[in-house]
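*Asks:* Attaching a predicted model along with its sequence, questions to come.
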Amino acid sequence: RIIVEERAYHLLGRVLDLGGLVAARLVANTRDDLDTAIARFCSGPLFGALELSSQVAVIRRTHEFLDQLSEDDVMGEFDSIMAAIDGSMGLFTTAGRISAHVASELIFDLVPNYLFDTTA
């Protein structure tokens, strides 16, 4: 048999679950990709929201495709992964990194620079 077709591989008296190892790596890569997309958005101006939206859509679609290919539910739900990476999943958190960045950009950049005030 070809090694790729095997679910478990025997090596030096131990059994390696190749499917589980690959799935764990794919989940870790998905988390890293989401973290990179959010960090990139948080380091730039507010109009990076369109780029973040398209990046998250691509990562979500990739996750769905990989989840369809896997036999077990090892990938997890995308929304829970997204909430964990965003930081909006804790007991005492009210907003994640994305919401906090949008609020700070609105308060400190958009409102002061684009407020139309005729009295000044």
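*Replies:* Happy to help now that I have it.
*Asks:* Run a quick neighbour tally on H10.
*Replies:* H10: 9 surrounding residues under other C-beta atoms under 10 Å. The way it works is simple: take the backbone N, C-alpha and C, and place the C-beta from them, glycine included.
*Asks:* Tell me the bridge partners for it.
*Replies:* Under DSSP bridges, the beta-bridge partners of H10 are V15.
*Asks:* do you know how far it is from V22?
*Replies:* 17 Å (C-beta to C-beta, to the nearest Å).
*Asks:* pLDDT below threshold where in the protein?
*Replies:* 1-6, 89-94, 116-120 (pLDDT under 70).
*Asks:* Swap in 50 and give it another go.
*Replies:* Where the chain drops to pLDDT under 50, the residues are 1.
*Asks:* Centre-most residue in it?
*Replies:* With distances taken as C-alpha atoms, centre = their mean, the residue of the chain nearest its centroid is L34 (2.6 Å).
*Asks:* Please identify the helix or strand for that one.
*Replies:* According to DSSP states H and E, L34 maps onto helix 18-42.
*Asks:* ok, for the residue nearest to the centre of the chain, nearest residue in space, not its chain neighbours?
*Replies:* I85 (4.5 Å; C-beta to C-beta, 6 or more residues apart in numbering).
*Asks:* ok, back up a step: quick one: residues contacting the residue nearest to the centre of the chain.
*Replies:* Shown in contact with L34 (C-beta atoms under 8 Å, 6 or more residues apart in numbering): 56, 59, 81-82, 85-86.
*Asks:* Which of the residues you listed fall in helices?
*Replies:* The helices, defined by DSSP state H, take in 56, 59, 81-82, 85-86 from the contacts of L34.
*Asks:* Out of those, flag the one nearest to L16.
*Replies:* Ranked by distance to L16 (C-beta to C-beta), the ones in helices among the contacts of L34 are led by I81 at 25.2 Å.
*Asks:* Does that closest one touch R31 like I think?
*Replies:* Yes - using C-beta atoms under 8 Å, I81 is in contact with R31, at 6.2 Å.
*Asks:* Who has more neighbours out of these two?
*Replies:* Legend: neighbour count by other C-beta under 10 Å for I81 and R31, higher for I81 (19 against 16).
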